[in-house]
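> give me coordinates for this.
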Amino acid sequence: YYDNENSKKVEKYDVLNEEQYQSLASRYEETGFSARMGGEVIYDMLAELDLTQILNQLQEEMEATNSEAKKKTIVKRLKVIESFLNSGNRPEWMMITNLPVLPPDLRPLVNLDGGKFAVSDVNDLYRRVINRNSRLKRLLELDAPEIIIRNEKRMLQEAVDALFDNGRRANAVKGANKRPLKSLSEIIKGKQGRFRQNLLGKRVDFSGRSVIVVGPKLKMDQCGLPKKMALELFKPHLLARLEEKGYATTVKQAKKMIEDKTNEVWECLEEVVKDYPVMLNRAPTLHKLSIQAFHPVLVEGKAIQLPPLVCAAFNADFDGDQMAVHVPLSQEAIAECKILMLSSMNILLPASGKAITVPSQDMVLGIYYLSLERNDEKGANKIFSSVDEVMIAEEANTLGLHAKIKTMVDNKIIFTTAGRLILRAILPDFVPENMWNKIMKKKDIANLVDYVYRNGGLVVTADFLDKLKNLGFRYATKAGISISIADIIVPDSKQKYIDEAKKKVREIQKQYGAGLLTDSERYNKIIDIWTDTNNSVASEMMKLIQSDKGGFNSIYMMADSGARGSAAQIRQLAGMRGLMAKPDGSIIETPIISNFREGLNIMEYFNSTHGARKGLADTALKTANAGYLTRKLIDVAQNVKVTMHDCGTHEGVEITDITESGELIESLEERVLGRVLADDVIDPITNEILFSEGTLLDEEKAKAITEAGIKSVSIRTPITCKAPKGVCAKCYGLNLGEGKLVKPGEAVGIISAQSIGEPGTQLTLRTFHIGGTASTEQQDRQVIAQKEGFIRYYNLSTYENNGKKIVANRRSAAVLLVEPKIKSTIDGKIEIEYAHEDVNIVIKGKKEEIKYTIRRNDLAKPNELAGVSGKIEGKMYIPYVNGDKVKENESIVEIIKEGWNVPNRIPYASELKISDGDPVTRKITADANGVVKFFILKGDFLDRLKDIKKGHKVTEKGFFVVVSDKDGREAVRHYIPRNSIIQVSDNDAVERATVVSLPEKDDKLIIAEWDPYSTPTIAEEAGVVSFEDVEPGYSATEQADEATG
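Residues are numbered from 1 along each chain as shown. Sure thing, here's the model as predicted:
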């Protein structure tokens, strides 16, 4: 017991403080009691554990308890104990009782000049452990007092801790020079540790590095290698070749020749290097394309020459970047370089499947210049009989590059220019006219390269890219585009806009002073005014620059072609710099009115430094994080490989468009491209199977799916893959880097980790290329229907105010735009029953009952309708609940065309412009060529209407027009809302974009409107409103001043 009254009991494993220990020791001197400290006790405690007994006890506790938290702790302990029992290890074996010593090679003693030694820190740490250990041994032999032994044991423990991880506990052990000693864990961890520095980052033979310069004359798969470098890298090959050709008889002699650099040496070097690939690598190596193979071309000088097309893949530029060269030695390595790693083989980015070797900067500018049209050019509007004739005229200088002419191309007479025909001359034959006969901007050139790759393959594309590069450089030179301060044109109307804006701002400040606006309303309105003004000045300025020199203004050409710069940057040069952001992202409400052409004043300059400096600071800080992210991703994904062709699963994931507040982020077509179908895709109109399960969707098939109006597709994905290890090729889909189905053995985990990590560094680096200008999006004030149909309110409660209908819901409601899918053919009562996969809808009339069945998956769920999750376009909606009465010709199942939920898309307290059930009418145009046929919905099928003439007014629900193609198949169908006037007669032939119907009155497209800056308060109950202590016309602070005197 602890105390004299014997009331507090001492249990086994209790922790004692010094005082308690002393009192117990003196009281139980005769009977004896044992208490110890330090690691020994823990060792003994672990040794005493009976694992099987603990296991049984925990299992009993597990069954007895209901608390979740307790269960969690028990499960954790059970896991550990079961592992111990299964492996046959004992808990006390986790303690180190004999300390192993690091081999001496890894903790060297280096003899310095002057008899001193440089000692590895680990030696010092070991020495401290050994000294303390022997001292403890001696003290124990001498039977020293307990307090001294205790102290010595504690010091020994600290010495061992310091050896393993110095500085983890209290104070780090410092060496002679006052810096902490490096412990074992510090030696191996981090970038400078054993693993990353010495084991993974070894320097290798047959490698060298040098600065890179551009090699515009090089082909895509060539690189310029300095002769001096090649001499060193290929030395063994060179020695062998010199002996083989009989120039030297011994290795010694050959070495001497190489040192003297005789003519024979250069001759042999050329032979050795020919057809021998080398690898180039640019650090940081962020993805597979950061190391590529090239055929070396020997060059004078000391810099490596790099072809301009591969810069994007390496993320290289020529402002002093360095690159490393490696020579592959084994036959396998050489073969890998030639077959897999040549830069002409790596045209596509493995992350997205888009071409990455796309011309940039000068090349884009040259091609853009080549494709422009100009009215006052020599030889304009002439007609030529053939392309050759055009070329002759252009070379003879009787025809300008940009003159509009007519000529025969592929047996068709077209309008074009000489420049565009020069571009056509290097294109493969299969490229259609609409891909080159236009102004070629960077995106068009990228699409062109993509098209050539898809239809021509690697060899054709590589060859075409080289020609394209040469053409671009040649015409960028010919164009003589430079940049001049006169190209920056500031509009005269700028001052007028600014004066107007200042006036409006003064007005708002006045209102704020009078207490009519809150501070946030004032701030938002001012920012809106300046954003508007900035946009107006910018659009005036863009008009001026665009029309300057007939579209040949240098700065405009650079931005418009996509070569360099953007509208936002031109806006800062010639418009006004606009609003600036503070480092925390909020916007400073005084804008910078000057632009760079006029120059900033001191205040404006000071305001600009905020954003610019934040950009630089962020860059430095975030690069490290992106690299860390990549390493973590690789760590988790490295064992995901393609291990088999097909795992045979039928599971998949449902895919739809991704839209964010009405704006399409990623379309269904992009998302399913390159995937394998997990389920048949069924045409919603004809009910035929378009593509069966297991089909790989290429571009054509993905397009066909969207054209058929299918809104969701089930695809196979690695998430549902049943392969025992890794994933199967079918679940993974297309290998984007090759454009074919992935082959077994591909390390897809690593590729995907690199594909996410690689842009990570870019994202963070691109914080503020515009120099910290603020951008604000103007608040929405209304929602407008983009499609036709009629309106359904879902869960919506409203109230009247001054004859306006106002939304009263806070959330979980929506306005839907729908078209009918099934109409009731009788009056009756509706009954809806949900089976496992189907929904049965029965209408019970007086005499008969009718049953319809739809798939449960096609029905929009309540949380999807309220906008919490999922995409609802294309899903079905039943506007009735069980037991409702239905009239004949009412639609009972509808297809959702668009939906706006409360409060994300339609804020609380908006005014609704269209009532429940009202049609949304708009001009409807045919989306395909063909013959018009009219139908009316009867039940769940379309019934033909043959006697519809132009001018017919639609009054019934379920009126459809179908445009059928030449084979009589349905090409496209349009729902015609009520109150539309038909503009074509039945069986008329129409072309794409022909008007089929017009609204009887004006379009009714606005669904709801609101004021973005006022947040109304809605009464919770009915009653009388009274205001207390508010004097109109005063701000709150003024009132307080008066009240307090």
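> residues making contact with the one helix or strand Ile751 maps to?
Here Ile751 sits within helix 748-765, counting by DSSP states H and E. Helix 748-765 is contacted from outside by 284, 286-288, 315, 350-352, 618-619, 622-623, 625-627, 629-630, 633-634, 636-642, 718, 727, 732, 737, 742, using Cβ atoms under 8 Å, 6 or more residues apart in numbering. From N, CA and C alone the C-beta is placed, and that goes for glycine too.
> CA atoms only: put it into CSV for me.
Taking C-alpha atoms only, helix 748-765 is exported to CSV below (Å, rounded to 0.1, in the frame of the first residue of the first chain):
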residue,chain,number,x,y,z
VAL,A,748,0.5,2.3,-66.4
GLY,A,749,0.7,3.2,-62.8
ILE,A,750,4.0,5.0,-63.2
ILE,A,751,2.8,6.7,-66.4
SER,A,752,-0.3,8.0,-64.7
ALA,A,753,1.6,9.2,-61.7
GLN,A,754,4.0,11.1,-64.0
SER,A,755,1.1,12.5,-66.0
ILE,A,756,-0.4,14.0,-62.9
GLY,A,757,2.9,15.2,-61.3
GLU,A,758,4.4,16.6,-64.5
PRO,A,759,1.9,19.5,-65.0
GLY,A,760,2.0,20.0,-61.2
THR,A,761,5.2,21.9,-61.4
GLN,A,762,3.9,23.9,-64.3
LEU,A,763,0.7,24.8,-62.6
THR,A,764,2.5,26.3,-59.6
LEU,A,765,5.0,28.0,-61.8
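> which helices and strands does the first helix or strand past it going along the chain pack with?
Once the chain leaves helix 748-765, the next helix or strand it forms, by DSSP H and E, is strand 782-784. Helices and strands touching strand 782-784, by 3 or more Cβ pairs under 8 Å, 6 or more residues apart in numbering; DSSP states H and E, are strand 1006-1009.
> mind listing what's buried along stretch 573-588?
Neighbour-count burial for stretch 573-588 flags 573-581, 587 (criterion: 16 or more other Cβ atoms under 10 Å).
> what average pLDDT does that stretch get?
For stretch 573-588, mean pLDDT is 83.
> tell me what the strand or helix carrying Ala501 is packed against?
Using DSSP H and E, the element containing Ala501 is helix 494-513. In terms of contacts (3+ Cβ pairs under 8 Å, 6+ apart), helix 494-513 is packed against helix 519-547.
> got the contact list for Ser824?
Applying Cβ under 8 Å, 6+ apart, the residues near Ser824 are 830, 843, 850, 886-892, 939.
> any quick PyMOL command for the buried ones out of those residues?
Those of the contacts of Ser824 that count as buried under 16+ other Cβ under 10 Å are selected in PyMOL with:
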select buried, resi 830+843+850+886+889+890+891+892+939
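> can I get the contacts of Ser824 in TSV including secondary structure, distance to Pro226 and pLDDT?
Below are the contacts of Ser824 laid out as TSV (DSSP: H, G, I helix; E, B strand; the rest coil; distance: Cβ to Cβ, whole Å; pLDDT from 0 to 100):
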residue	secondary structure	distance to Pro226	pLDDT
Ile830	strand	84	89
Ile843	strand	85	89
Ile850	strand	85	87
Val886	strand	85	88
Lys887	coil	88	88
Glu888	coil	88	86
Asn889	coil	84	85
Glu890	coil	83	87
Ser891	strand	77	87
Ile892	strand	79	88
Gly939	coil	81	83
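> from the contacts of Ser824, pick the one nearest Asp275.
Distance to Asp275 across those (Cβ to Cβ) is lowest for Ser891, with 72.6 Å.
> which of the contacts of helix 748-765 fall within strands?
Counted as lying in strands by DSSP state E, out of the contacts of helix 748-765, are 642, 727.
> give me the PyMOL select line for the contacts of helix 748-765, limited to the buried ones.
Only the buried entries of those go into this PyMOL selection, using 16+ other Cβ under 10 Å:
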select buried, resi 286+287+288+315+350+351+618+622+623+626+627+629+630+633+637+640+641+642+718+727+732+737+742
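> now for the closest residue to Pro108 other than its chain neighbours, how many residues are close by?
Using Cβ to Cβ, 6 or more residues apart in numbering and skipping residues adjacent in sequence, the residue nearest Pro108 is Ser120, 5.9 Å away. For Ser120, the count of nearby residues is 18 (other Cβ atoms under 10 Å).
> list phi and psi for Ser120.
With angles defined as degrees, to the nearest 10, Ser120 sits at phi -70, psi 140.
> swap in Leu298?
Torsion angles, degrees, to the nearest 10, at Leu298: phi -70, psi 130.
> cool, and Leu16?
Leu16 adopts backbone torsions of phi -110, psi 150, taken as degrees, to the nearest 10.
> from Glu30, how far off is it?
Going from Leu16 to Glu30 by Cβ to Cβ, to the nearest Å gives 19 Å.
> quick one: which of the two has more around it?
A count of neighbours by other Cβ under 10 Å puts Leu16 above the other of Leu16 and Glu30, at 15 against 5.
> domains of the protein?
Annotated domains of the chain cover 104-198, 203-234+276-341, 362-479, 641-746, 781-826+856-920+1003-1018, 923-1002 [automatic domain parsing].
> any idea how far Asp44 is from the residue nearest to Pro108?
35 Å.
> same check on Ile526?
75 Å.
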